[in-house]
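Enquirer: fold the following.
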Amino acid sequence: MTRVVSGGYTFYMDKRLDSNLTKIKNNLVRKDTDRVIVVDGAEGCGKSVFSMQVCKKLDDSFDINRVAFNPEEFKELIVRASSGQAILFDEAFTGLSSRGALSVINRLLVSVMMEMRQKNLIVVITMPTFFLLDKYVALWRAKDLFHVYTKKGKRGYWMYFNKEKKKLLYLYGKETYSYKGKNIPKSNFYGQFFDQYVIDEDEYRLRKAKALSDKELDTNSSNRYDKFMNQRDKLLLILRKEFNLNSIELKELLLKYDVDISSNRLRSITSKKLVNR
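Expert: Okay, here's the model as predicted:
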């Protein structure tokens, strides 16, 4: 382990990891680029603490005010950030069961990529599993993947996949959400970390608890919306089948009841098969 002193905090980091992060930090300005790092793992494995240590090593000024818990905070931090700063998007996908909600996060990540590169930012994203990421972000924009895990119930373990191995892992592991198996590459190297906060722990816990509570409310709302949309689509399918209507005739019928849906949208909906009727 190597002793790291950064921004008023002292902590210990795997020697090889410390060396690699130092190279990343030095290359950011020299190569005029950014760095997207993904840290994933099951709930309670310590991935947030590990991610903070990575951010602190890469940016002495990293603190609680550079941690985002929702898309709005993340986007705002990207816009306000100065060159070379580290930003942590913590638990980006946690608690999101809706496909629509997952898509919102992925679209956001893609949309801010250009600004991240222009500012030479370091962005660390923590999530339950790397396989939830949009393919563009997972394969082309993220350079590093750390998979954090527990061993015999003990926190503090990680394995590292570089850009090439990360791509193979995504392509071959996504179907089963597995990090081991046929054609799945072994990690480049692995190590341990100490369960030590490098920002204000009490403030972090307060903000995270509030964010998770808010996210649960948003998820419930999103799930209700998805249920409503599925019911609407099924009703339109039933109308088409029972009354033998095409999309134009269906549109005219709906307009009589002040429901305005475009013919193209109706054509898309009613081209699906009617299931579970």
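
Enquirer: centre of the chain versus stretch 29-44, how much separation?
Expert: How far stretch 29-44 lies from its chain's middle: 11 Å, per C-alpha atoms, centre = their mean, to the nearest Å.

Enquirer: end-to-end on that stretch?
Expert: Terminal residues of stretch 29-44 lie 34 Å apart, using C-alpha to C-alpha, to the nearest Å.

Enquirer: please apply the same query to stretch 63-79.
Expert: 17 Å.

Enquirer: now the helices for the stretch 51-200 of the chain?
Expert: Remark: helices assigned in the stretch 51-200 of the chain by DSSP state H, counting those that start in this stretch are 71-80, 99-111, 113-118, 135-136, 163-173.

Enquirer: any idea which element residue 268 lies in?
Expert: Using DSSP states H and E, residue 268 falls within helix 263-270.

Enquirer: helices or strands up against the lengthiest strand in the chain?
Expert: Determined from DSSP state E, the single longest strand within the chain is strand 142-151. For strand 142-151, the packing partners by 3 or more C-beta pairs under 8 Å, 6 or more residues apart in numbering; DSSP states H and E come out as strand 35-40, helix 47-58, strand 154-161, helix 163-173. To be clear about C-beta, it is placed using only N, CA and C from the backbone, and glycine gets the same treatment.

Enquirer: CA atoms of it as PDB?
Expert: The C-alpha trace of strand 142-151 is given here as PDB (Å, rounded to 0.1, in the frame of the first residue of the first chain):
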ATOM      1  CA  ALA A 142     -15.500   4.900 -20.500                       C
ATOM      2  CA  LYS A 143     -11.800   4.100 -20.300                       C
ATOM      3  CA  ASP A 144     -11.700   2.200 -17.000                       C
ATOM      4  CA  LEU A 145     -14.000  -0.200 -15.100                       C
ATOM      5  CA  PHE A 146     -13.500  -1.100 -11.400                       C
ATOM      6  CA  HIS A 147     -15.700  -3.900 -10.100                       C
ATOM      7  CA  VAL A 148     -15.900  -3.700  -6.300                       C
ATOM      8  CA  TYR A 149     -16.900  -6.700  -4.400                       C
ATOM      9  CA  THR A 150     -16.900  -8.400  -1.000                       C
ATOM     10  CA  LYS A 151     -15.000 -11.600   0.000                       C
END
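
Enquirer: what comes up buried for that strand?
Expert: 142, 144, 145, 146, 147, 148, 149 (16 or more other C-beta atoms under 10 Å).

Enquirer: got CSV for the residues you listed, with pLDDT and distance to residue 251 too?
Expert: Formatted as CSV, the buried residues of strand 142-151 follow (pLDDT from 0 to 100; distance: C-beta to C-beta, whole Å):
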residue, pLDDT, distance to residue 251
142, 92, 43
144, 96, 50
145, 97, 47
146, 97, 51
147, 97, 50
148, 97, 52
149, 96, 53
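
Enquirer: how about those residues in TSV, adding distance to residue 123?
Expert: Formatted as TSV, the buried residues of strand 142-151 follow (distance: C-beta to C-beta, whole Å):
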residue	distance to residue 123
142	9
144	11
145	13
146	14
147	18
148	17
149	22
